[in-house]
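[1] Structure, please.
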Amino acid sequence: MAATDQIRQMVNFILQEAHEKANEIRVKTEHDFNLEKQTLVHEAKLRIQDEFTKKEKDNEIKERISRSAEIGECRVKKMRIRDELLKNLVTEATSKCGVVARGSNYPQLLQKLIVQGLIKIEENEVTIFCRAEDVAIVQKILAPAVTEYVEIMQRESGVTLKPVVKLNEDASKHLSSEKSAGGVLLTALDGRLVCDNTMKSRLALVYEELLPSIRAILFPESK
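    Here you go, the predicted model:
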């Protein structure tokens, strides 16, 4: 009987040890599983966050590119409209030149343009070109223009000049109204030296000089 109790106690002890060992293994297994699960969840969260951040950055870059393209397109359109307005301004100003060329003061203007051209070209032998409709006017004012030029040079430099200034007689070389809008063109040295004093040329010079002011007036926000 004592031996049986002893054996039972030993069996109970072994069973208890087995239960305790099994419990330890279970606890450790659950702990390791939970730890691994937490690690996997954390890594998954990091991957999701990285993907989200990347997508967010990609979307931001796309939005910037799209916005930049829209801004660029607006600027190009704005510049195109401004250029069109400036071209219209030049066209309108050119038409005004035609009005001036038909005005009563046009002969005096032609004389001043000839005098100015002679001063600029600084040559003794000069040929003057004008429109066919201006030939008669230039013939009348040519001598007074040369006289005025000689007087100015005498007064400013003390030198008395005797320039030979002639009017072009080749009808095929007359200036066209479309290209010149009036005024004169002076040449010297067999055409190698040219002074363009046509109305269109003068308008272009004035336009270039005043362009910053014109832009400031028409487009004040671009200052």
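
[2] which SS class is Val126?
    In three-state terms, and counting by DSSP: H, G, I helix; E, B strand; the rest coil, Val126 is strand.

[3] Isn't it up against Asn168?
    No - between Val126 and Asn168 there is no contact under CB atoms under 8 Å: 10.7 Å. In short, each C-beta sits where N, CA and C put it, glycine included.

[4] Which of these two has more residues huddled nearby?
    Per other CB atoms under 10 Å, whichever of Val126 and Asn168 has more neighbours is Val126, with 22 against 18.

[5] give the contact list for that one.
    By CB atoms under 8 Å, 6 or more residues apart in numbering, Val126 lies in contact with 117-118, 163-166, 186-188.

[6] What's the separation between it and Ile141?
    15 Å (CB to CB, to the nearest Å).

[7] Spatially nearest residue to Asn196 (excluding sequence neighbours)?
    Slight slip there: residue 196 is Asp, not Asn. In space, and not counting its chain neighbours, Asp196 is closest to Leu185: 5.4 Å by CB to CB, 6 or more residues apart in numbering.

[8] My reading is that the one you found lies in a strand. Confirm?
    Yes - assigned with three-state DSSP, Leu185 falls within a strand.

[9] Let me see the contact set for it.
    Contacts here follow CB under 8 Å, 6+ apart; on that basis Leu185 touches 128-130, 175, 194-198.

[10] Which members of those are classed as buried?
    128-130, 175, 195-198 (16 or more other CB atoms under 10 Å).

[11] For stretch 165-183, what does the pLDDT average out to?
    What stretch 165-183 shows for mean pLDDT is 89.

[12] distance between the ends of that stretch?
    16 Å (CA to CA, to the nearest Å).

[13] Please determine how far Ile71 is located from Arg64.
    Relative to Arg64, Ile71 is positioned 10 Å away (CB to CB).

[14] Thr187: how many residues sit nearby?
    Neighbours of Thr187 (other CB under 10 Å): 21.

[15] That one is in contact with Val194, isn't it?
    Yes - Thr187 sits in contact with Val194 when judged by CB under 8 Å, with a separation of 5.2 Å.

[16] can you give me the strands for this structure?
    For the chain, the strands defined by DSSP state E occupy 125-129, 164-167, 183-188, 193-198.
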